[in-house]
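Undergrad: Sequence and predicted structure are below.
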Amino acid sequence: MPKQKSVKLGCWNVNSLKVRLEHLAEFLTAQPLDILALQETKTQDEQFPIEAIRSMGYQVLFHGQKTYNGVAILSKQPMEELSRGLAGFDDPQARVLTAKWQDLVVVDVYVPNGQAVGSDKYVYKLKFLDALRNHLQALADRHPNVVVMGDFNIAPEDRDVHDPKKWVGEVLVSADERQALGEIIQSGFRDVYRQFPQEEHSFSWWDYRKACFERNAGLRIDLILASTPLAARCVSSMIDRLPRSWERPSDHTPVIAEFSL
DNA sequence: ATGGCTAACATGGTTAGA
């Protein structure tokens, strides 16, 4: 019987890696995760701060572009890059990175925002989610332990929304995108945060405007989804609000899950 | 009423986020 070990994973939309490097170092000192998936690095690969990440004690894979989007996976132990983007979904936007870490397949995802229900960007969001479901299905067919984590830009349920009445039908909560997320989950994944008792009004993103963080007027749109066999090995999950309280923060805060493997 | 912040790119004001 192999010895059980604890593996801690997290995801965080940093809203510019360059601006948030000090916060990242501070966070990883407080929460020495085994794997951290970043979104919105907004960094071209040629300019990626490999050395700064290395000095934090982490290896890193990255898939970026100029100005927008960009994803990166940090880990203490070696990883192998499996793919960039989604098979069969030709996309110039750098939003998905898939890697193998020991027996785990890790998918770092930055789902499109969608701008407004019915817009071109909303249509793109739904197509992206369909391609993401296919990507995850193909991975889960070959690997029992798949985790997909990042900024989904969808609040799964009304309890993930500070004021559901105000948000009815809006992008991030609308029926079609919730349905698309539901299809991913129904294909064999679990939102591990909800496997444990959590405080009401737990959110992962707060608008910079109108003192939303101070009023806890937020949404839970950053998710860790684990394949069913892996989800059974999840022992805890939490949102770490602390980095959102720091000076000049990202508008998102990290989400963490611990597994017994 | 379409604002209110923040970041990138650029160096003033637009694009995008969510």
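TA: Yes, it's here.

Undergrad: mind listing what the single nearest residue of chain A relative to DNA strand B touches?
TA: DNA strand B sits closest to A:Ser16 of chain A, with a gap of 3.4 Å, by C-beta to the nearest atom of the strand. C-betas here are computed from N, CA, C, even on glycine. When contacts are counted by C-beta atoms under 8 Å, 6 or more residues apart in numbering, A:Ser16 touches A:Glu40, A:Thr41, A:Lys42, A:Thr43, A:Ser250.

Undergrad: Mind doing that once more with 6 Å?
TA: Contacts for A:Ser16 were tallied using C-beta atoms under 6 Å, 6 or more residues apart in numbering; they are A:Lys42.

Undergrad: what about it, distance to A:Tyr68?
TA: Between A:Ser16 and A:Tyr68 the computed distance is 10 Å (C-beta to C-beta, to the nearest Å).

Undergrad: A:His201 too?
TA: If you go by C-beta to C-beta, the gap between A:His201 and A:Tyr68 works out to 30 Å.

Undergrad: residue ranges with poor pLDDT in chain A?
TA: Screening chain A residue by residue with the criterion pLDDT under 70, one finds the ranges A:1-2.

Undergrad: phi, psi of the residue most central in space within it?
TA: The centre of chain A sits closest to A:Gly150, judged by C-alpha atoms, centre = their mean, with a distance of 0.8 Å. When read as degrees, to the nearest 10, the backbone of A:Gly150 gives phi 150, psi -160.

Undergrad: ok, now which ones touch it?
TA: Under the criterion of C-beta under 6 Å, 6+ apart, the contact partners of A:Gly150 comprise A:Cys11, A:Ala37, A:Gln39, A:Asp108, A:Val109, A:Tyr110.

Undergrad: In space, what's closest to it - neighbours in sequence excluded?
TA: A:Val109 (4.1 Å; C-beta to C-beta, 6 or more residues apart in numbering).

Undergrad: Next up, phi/psi of the residue lying closest to A:Cys234 once chain neighbours are set aside, please.
TA: Beyond its immediate neighbours in the sequence, the residue positioned closest to A:Cys234 (C-beta to C-beta, 6+ apart) is A:Val192, lying 4.5 Å away. Backbone geometry at A:Val192, expressed as degrees, to the nearest 10, gives phi -60, psi -20.

Undergrad: Pretty sure A:Val192 sits against A:Met238.
TA: No: in terms of C-beta atoms under 6 Å, A:Val192 does not count as a neighbour of A:Met238; the distance is 10.4 Å.

Undergrad: which parts of chain A sit against DNA strand B?
TA: A:13, A:15-16, A:18-19, A:40, A:42, A:66-68, A:112-113, A:115, A:121, A:151, A:153, A:171-172, A:205, A:207-210, A:219, A:221, A:248, A:251-252 (C-beta under 7 Å from any atom of the strand).

Undergrad: what about burial for those residues, which qualify?
TA: Members of the residues of chain A next to DNA strand B that pass the buried threshold by neighbour count (16 or more other C-beta atoms under 10 Å) are listed as A:13, A:15, A:40, A:42, A:112, A:151, A:153, A:171-172, A:205, A:219, A:221, A:251-252.

Undergrad: How about residues contacting the longest helix belonging to chain A?
TA: Ranked by number of residues, the top helix in chain A under DSSP state H is helix A:120-142. By C-beta under 6 Å, 6+ apart, the list of residues contacting helix A:120-142 from outside reads A:86, A:89, A:105, A:112, A:114-115, A:146, A:148, A:180, A:183-184, A:187-188, A:227.
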